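*Asks:* Fold the following.
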Amino acid sequence: MKNSCAPLEDVQSTKAKHPLAIDKVGIKDFHIPLVVRDLANEKQHSIAKVDMSVDLPADFKGTHMSRFIEALEEWRENSEEKLDYASLKNLLEQVRNKLNAQKAYLSFNFPYFITKKAPVSHAAAPVSYQCRFTGEWDKTWDKPAFLIEIEVPVTTVCPCSKAISKYGAHGQRTYIKMHIKLSKFSWIEEFVHIAEQAGSAPIYAVLKRPDEKFVTEQAYENAYFVEDVVRTVAYQLDKHEHVEWYTVIVESCESIHGHNAFAMIEKK
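*Replies:* Coordinates of the predicted model:
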C-alpha cells in the first residue's frame, strides 16, 4: 500500500501525448442557485445552468476541473454578488487566475420572471423568460466581452390571413430571440418590453374572459408578419444607448402550416 502522506501526482500538468492547443476545456451544465438584479424588487432568486471553460496550452495534458467549481463557489458565497456586468467581470478574472489561463469563458443560462397583470382584470402572475449571460476575457484584451441573450414569447396574427379571410385570421405563438452586446448594464425588463411591443399582443400567465377578449382583439388589430416584428425590434435596439451589437431572430410556430416562419437581422 502506498504512503498516504506522499504528494499525489499532478497528472493534468504532465506532457500531452499529442501537443495541440485546446481552445476551450471546462465544465458544462453545472446547476447553481443564482441571484439576479430585478428592476421591480431589486433582486430575484433563480437557478442557473453554468458552463465554464479556459484555453489549454499544447504542453499540458489536462485542466483542473475542480478549480472551476471552487472559483464559482468563492464568487457566489463570499461576495454574495448579483449577476451583472461587474460581478461577471470579477468571476472571469478569478477563473483565469485560478487556472493560470490566457482566456476564460462563462455562461449562465436561467429563467427570469416578471410578474404581469392581465389587461382588464389585473390578475397577476409571473411570466418566465429564458435568459443567458455570457462573458469571455483574454489577457490581451482591455476588458471582457459580454453578451446577453433573451427569448420573449409573444402572440402574432398573420396580416395576409386577416386580409383574405371572411371570419378571422390565424394567430400563433412567436418567439423573439435577442443576442445583445452591451457597453453598460441594462435591465432585462427593457428588452422584454421592446420585444413585447413588437408583437401583435403580449403573453400572459393568467387571463380571465374579459382579458381574453381584450388580448384577442388587440392581436387582431395589430397583425404582423415575422418580417414586421424583426424590423421593429432591430429598430428599437439601434436606438438603445448601451447596445453595441445585436442579432434578432423571430420564429413563428405557424398554426395552419406544417412549418415555422422565421426572420433574422444582425447589426453589422
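*Asks:* what comes up buried for the biggest strand by length in the chain?
*Replies:* Ranked by residue count and defined by DSSP state E, the top strand of the chain is strand 22-38. Within strand 22-38, the residues that count as buried by 16 or more other C-beta atoms under 10 Å are 22, 26, 34-38. All C-beta spots, glycine's among them, are computed from the backbone N, C-alpha and C.
*Asks:* just stretch 107-123 next, same as before
*Replies:* In terms of neighbour count (16+ other C-beta under 10 Å), stretch 107-123 has its buried residues at 107-110, 112-114, 116, 118-119.
*Asks:* Out of these, which comes closest to Gly258?
*Replies:* Distance to Gly258 across these (C-beta to C-beta) is lowest for Asn109, with 30.1 Å.
*Asks:* Please verify my assumption that that closest one contacts Ile47.
*Replies:* No - the criterion here is C-beta atoms under 8 Å, and Asn109 misses it with Ile47 at 9.8 Å.
*Asks:* What segments of the stretch 1-150 of the chain are strands?
*Replies:* Counting by DSSP state E, counting those that start in this stretch, the segments of the stretch 1-150 of the chain that form strands are 22-38, 42-56, 103-117, 124-138, 145-157.
*Asks:* Throw those into TSV and include distance to Val230, thanks.
*Replies:* Formatted as TSV, these follow (distance: least, C-beta to C-beta, whole Å):
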stretch	distance to Val230
strand 22-38	27
strand 42-56	27
strand 103-117	22
strand 124-138	18
strand 145-157	11
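*Asks:* In TSV: these, plus mean pLDDT and distance to Arg96.
*Replies:* Output for the strands of the stretch 1-150 of the chain, formatted as TSV (pLDDT from 0 to 100; distance: least, C-beta to C-beta, whole Å):
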stretch	mean pLDDT	distance to Arg96
strand 22-38	91	12
strand 42-56	93	7
strand 103-117	96	4
strand 124-138	96	6
strand 145-157	96	14
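*Asks:* Out of those strands, which is closest to Glu190?
*Replies:* Glu190 sits nearest to strand 145-157 of all the strands of the stretch 1-150 of the chain, at 9.9 Å, using C-beta to C-beta.
*Asks:* Skip the chain neighbours and tell me the closest residue to Glu151.
*Replies:* Distances taken as C-beta to C-beta, 6 or more residues apart in numbering put Gln130 closest to Glu151, at 4.5 Å, once the chain neighbours are dropped.
*Asks:* now, which of the buried residues of strand 22-38 sits nearest His257?
*Replies:* Nearest to His257 among those: Val36, at 36.7 Å, using C-beta to C-beta.
*Asks:* Without its sequence neighbours, what residue ends up closest to that closest one?
*Replies:* Nearest residue to Val36, sequence neighbours excluded (C-beta to C-beta, 6+ apart): Leu83, at 5.1 Å.
*Asks:* What of Phe191?
*Replies:* In this structure, Phe191 finds its nearest non-sequential neighbour in Ile150, 5.2 Å apart by C-beta to C-beta, 6+ apart.
*Asks:* Next, count neighbours for that neighbour.
*Replies:* For Ile150, the neighbour count with other C-beta atoms under 10 Å is 21.
*Asks:* can you check Lys143 too?
*Replies:* Using other C-beta under 10 Å, Lys143 is surrounded by 8 other residues.
*Asks:* try Ile256
*Replies:* 9.
*Asks:* before we move on, what about Glu70?
*Replies:* Quick note: Glu70 (other C-beta under 10 Å) scores 14 neighbours.
*Asks:* Surely it touches Lys98?
*Replies:* Yes - Glu70 lies in contact with Lys98 (C-beta under 8 Å); the separation is 6.8 Å.
*Asks:* picking up where we left off before, so what secondary structure elements neighbour the longest strand of the chain?
*Replies:* Using 3 or more C-beta pairs under 8 Å, 6 or more residues apart in numbering; DSSP states H and E as the contact test, the elements touching strand 22-38 are strand 42-56, helix 65-73, strand 103-117.
*Asks:* try it again with 6 Å
*Replies:* Where contact means 3 or more C-beta pairs under 6 Å, 6 or more residues apart in numbering; DSSP states H and E, strand 22-38 is packed against strand 42-56, helix 65-73.
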